[in-house]
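Enquirer: Here's my sequence, what's the structure:
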Amino acid sequence: MFKKFEAQESIVTTNQIKSSVQRSIRKKLIESYPNIEEYVNDILPKKTVLKVVKCQDHIELISTDTEPLFFKKRDGPFYPTLRLLHMYPNMLPKVQVDKGAIKFVLSGAHIMCPGLTSPGADLSESLPTDTPVSVHAEGKINALAIGHMKMSSDDIKSINKGVGIDNIHYLNDGLWRIDL
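Expert: Here you go, the predicted model:
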């Protein structure tokens, strides 16, 4: 999604968010990510000016003055950025890929089922389809990507073929390097 994202070329408009819209965004985020409820005042303080940054390809970023916090495409769900996920690692369910998948994930490839079921990988949680997840690498602490489950974890284990997780945002892509 952000492979060829450049701030100067991709950003169309930036607008300040009204407080009523901020409240609705907070509510949606708490519904989507119940683990963030205790941190929501740290992430989105009530008196902070938030901005919506509209980009090409129907992408919207929710940001403070300096840093993007969440993004979404069209009417899809909000996803946290990797920088925010590194500060609050329990925000999303965690899956782990094996060492062989790391270079492919960091180049923007989707996560294939064999990379999630091989030794060194961890898919212990039972996750349904269309769940946002943080993708971690074997032997690493921080997440290397944010993905969207294309298959349920039970289907990934049983079928073990094809794309299991869509790679939405990964380390060193356009959103990681953005400077507002």
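Enquirer: from here on, contacts and neighbour counts on C-alpha atoms
Expert: Fine.
Enquirer: List of residues touching stretch 82-101?
Expert: 33-36, 69, 111, 115-116, 118-125, 132-138, 142-146, 169-171, 176 (C-alpha atoms under 8 Å, 6 or more residues apart in numbering).
Enquirer: how about it: buried residues?
Expert: By neighbour count with 16 or more other C-alpha atoms under 10 Å, stretch 82-101 contains the buried residues 82-83, 85-86, 89, 91-99, 101.
Enquirer: Kindly confirm whether my reading is correct that residue 152 touches residue 123.
Expert: No. With contact defined as C-alpha atoms under 8 Å, residue 152 and residue 123 do not form a contacting pair (10.4 Å).
Enquirer: What sits closest to residue 173 if chain neighbours are left out?
Expert: residue 3 (5.5 Å; C-alpha to C-alpha, 6 or more residues apart in numbering).
Enquirer: Next, check the buried residues of stretch 82-101 against the helices and list the overlap.
Expert: Members of the buried residues of stretch 82-101 lying in helices (criterion: DSSP state H): 82-83, 85-86.
Enquirer: In TSV: the residues you listed, plus pLDDT and distance to residue 59.
Expert: Shown next, in TSV, are these (pLDDT from 0 to 100; distance: C-alpha to C-alpha, whole Å):
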residue	pLDDT	distance to residue 59
82	96	16
83	94	18
85	95	19
86	95	22
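Enquirer: between those, which is closest to residue 25?
Expert: When those are ranked by distance to residue 25 (C-alpha to C-alpha), residue 85 comes first, at 17.6 Å.
Enquirer: mind checking how far that closest one is from residue 79?
Expert: Residue 85 sits 10 Å away from residue 79, taking C-alpha to C-alpha, to the nearest Å as the criterion.
Enquirer: Which residues are in contact with the closest residue to residue 109 other than its chain neighbours?
Expert: Excluding its sequence neighbours, the residue lying closest to residue 109 (C-alpha to C-alpha, 6+ apart) is residue 167, at 6.5 Å. Counting by C-alpha under 8 Å, 6+ apart, residue 167 makes contact with 105, 108-111, 145-148.
Enquirer: so where do the strands sit in the protein?
Expert: 11-16, 51-55, 59-63, 68-73, 79-80, 94-97, 111-112, 132-137, 143-149, 163-170 (DSSP state E).
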